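S.K.: Give me coordinates for this.
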Amino acid sequence: MIELSILGFLYDEPLHGYELRKRVAALTGHVRPIADGTLYPAIKRLERDGLLERDPQPGAQAAPKHVLTLTAAGRAELRRRLAEPDEPFITDENRWFTMLAFLRHLDEPALQAGVLRRRLAFLTEPASFFWDGDRPLRAADFDDPFRKGLFTIATATSRTEIGWLRETLAALGA
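M.R.: Next up, the predicted model:
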């Protein structure tokens, strides 16, 4: 998620590390806080792999600011990751939201539709948090108001997303 976020935000515009950290934290910080010990090693890996460049510029104080810019290889890598996301980016809600934040950078509607179809297929498979043998349990199967709440909220969220996915796929002509 961190690397995809870095690539996605730098695809929009060059940023210095502090601004990039604020944007990544705003997108994914609710899932897990973004520590410097997580962000900066990821930036260094992407730089080492030739996906971004660092340009030192004079800072307001004595220390220079490092502005980060995607290379052509970094732009291509972001589009590849968006077009061919690993399974957790389809099945994990937080990773999926990171995908959605940058899917517009995949400028081929057919490729965007392919990603959305994978998510739709995942959401329309029989699923449950709890099972009775091979039978998925539903909210009506519980007297516990908290488990009912879990199922009620999850079902409403899934139905809303499925509706959005179908609508967006139709708009993409897919």
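
S.K.: Sketch out the low-pLDDT regions of the chain for me.
M.R.: The model of the chain has pLDDT under 70 over residues 29-33, 35-36, 59-62.

S.K.: So which other helices or strands are in contact with the stretch of helix or strand residue 94 belongs to?
M.R.: Using DSSP states H and E, residue 94 maps to helix 93-102. Helices and strands touching helix 93-102, by 3 or more CB pairs under 8 Å, 6 or more residues apart in numbering; DSSP states H and E, are helix 2-12, helix 17-28, helix 72-83, helix 88-91. From N, CA and C alone the C-beta is placed, and that goes for glycine too.

S.K.: among those helices, which is the most enclosed?
M.R.: helix 2-12 (a mean of 21; mean count of other CB atoms under 10 Å).

S.K.: picking that back up, okay, the helices and strands packed on helix 93-102 in JSON lines with distance to residue 160 next?
M.R.: What follows is the helices and strands packed on helix 93-102, written out as JSON lines (distance: least, CB to CB, whole Å):
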{"stretch": "helix 2-12", "distance to residue 160": "24"}
{"stretch": "helix 17-28", "distance to residue 160": "20"}
{"stretch": "helix 72-83", "distance to residue 160": "23"}
{"stretch": "helix 88-91", "distance to residue 160": "17"}
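
S.K.: So for residue 156, which of the ones you listed sits nearest?
M.R.: With CB to CB, the closest approach to residue 156 among the helices and strands packed on helix 93-102 belongs to helix 88-91: 19.0 Å.

S.K.: Show me the contact partners of the closest one.
M.R.: 4, 95-96, 98-99, 115, 118-119, 122 (CB atoms under 8 Å, 6 or more residues apart in numbering).

S.K.: Quick one, which of the residues you listed are buried?
M.R.: Among those, the ones that count as buried by 16 or more other CB atoms under 10 Å are 4, 95-96, 98-99, 115, 119.

S.K.: Reformat the residues you listed as a markdown table; add distance to residue 28.
M.R.: Converted to a markdown table, those look like this (distance: CB to CB, whole Å):
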| residue | distance to residue 28 |
| --- | --- |
| 4 | 9 |
| 95 | 9 |
| 96 | 12 |
| 98 | 6 |
| 99 | 12 |
| 115 | 19 |
| 119 | 18 |
